[in-house]
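Asker: build the 3D model from these lines:
(one chain, ligands or ions: 1)
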Amino acid sequence: MNGEKSCLIEQFGEFETGSGLFYRYASLPNVGDRIQGHRHNFPHDTIVLRGRAHVIGRYADGSLAFEVDVVPGEVFPIDAEIEHEFVVTEAPYAHYCAYASRLPSGKVAGRATGWAPQGY
Ligand SMILES: [Zn+2]
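Answerer: Down below sits the predicted model:
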């Protein structure tokens with residue numbers, strides 16, 4: 001295993017609890033690090049663990065949906081189909097994104113399925 005790959009595993013991990021929820025972990029060590037803008041066909045809650053980040057959300061037409069600064073302890077919901085980008089303003093930064101377990105169709109499973117949609 002090369003160092004780069006193990007670093008990625010430490011920075012971005014994912015697990016399913018058996019409660020019907022998935023948690024994705026992201027850790028960004030430096031101010032200015034970012035999670036590029038992306039969107040999902042499902043909503044998720046971002047739970048900030050440490051550090052601070054500036055989060056910009058946009059509708060499909062590119063107009064601004066929200067622009068906020070998130071802080072440790074905050075639970076920040078992001079709706080489905082809203083493109084969102086994180087930029088670290090206080091490092092180190094870490095968060096979990098929590099969302100319902102899905103079926104491959106994208107529908108909520110209501111139970112652990114082991115299947116996770118792509119993306120952060
Ligand atoms: Zn996301």
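Asker: please name the bridge partners of His95.
Answerer: The partner list for His95 in beta bridges (DSSP bridges) reads Ala26, Val48.
Asker: wait, it touches His44, no?
Answerer: No: look at His95 against His44 with CB atoms under 8 Å: they stay out of range, at 10.5 Å. To be clear about C-beta, it is placed using only N, CA and C from the backbone, and glycine gets the same treatment.
Asker: tell me which of these two has more neighbours.
Answerer: Comparing His95 with His44 by neighbour count (other CB atoms under 10 Å), the higher total belongs to His95, at 27 against 23.
Asker: list the contacts of that one.
Answerer: His95 makes contact with 25-26, 46-49, 53, 70, 86, according to CB atoms under 8 Å, 6 or more residues apart in numbering.
Asker: now the buried members of the residues you listed.
Answerer: Neighbour counting by 16 or more other CB atoms under 10 Å classes 25-26, 46-48, 53, 70, 86 among the contacts of His95 as buried.
Asker: pLDDT and distance to Glu14 for those residues - can I get that in CSV?
Answerer: Output for the buried ones among the contacts of His95, formatted as CSV (pLDDT from 0 to 100; distance: CB to CB, whole Å):
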residue, pLDDT, distance to Glu14
Tyr25, 91, 7
Ala26, 92, 10
Thr46, 96, 14
Ile47, 96, 14
Val48, 97, 17
Ala53, 98, 19
Val70, 98, 20
Phe86, 96, 16
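Asker: for those residues, work out which two are farthest apart.
Answerer: In the buried ones among the contacts of His95, two members sit farther apart than any others by CB to CB. They are Tyr25 and Val70, at 15.4 Å.
Asker: returning to that earlier point: what's the farthest-apart pair in the contacts of His95?
Answerer: Greatest spatial distance among these (CB to CB): Tyr25 and Val70, at 15.4 Å.
Asker: would you map the strands across this protein?
Answerer: All strands of the chain, identified by DSSP state E, fall at 12-16, 21-28, 34-38, 44-58, 64-70, 75-78, 83-100.
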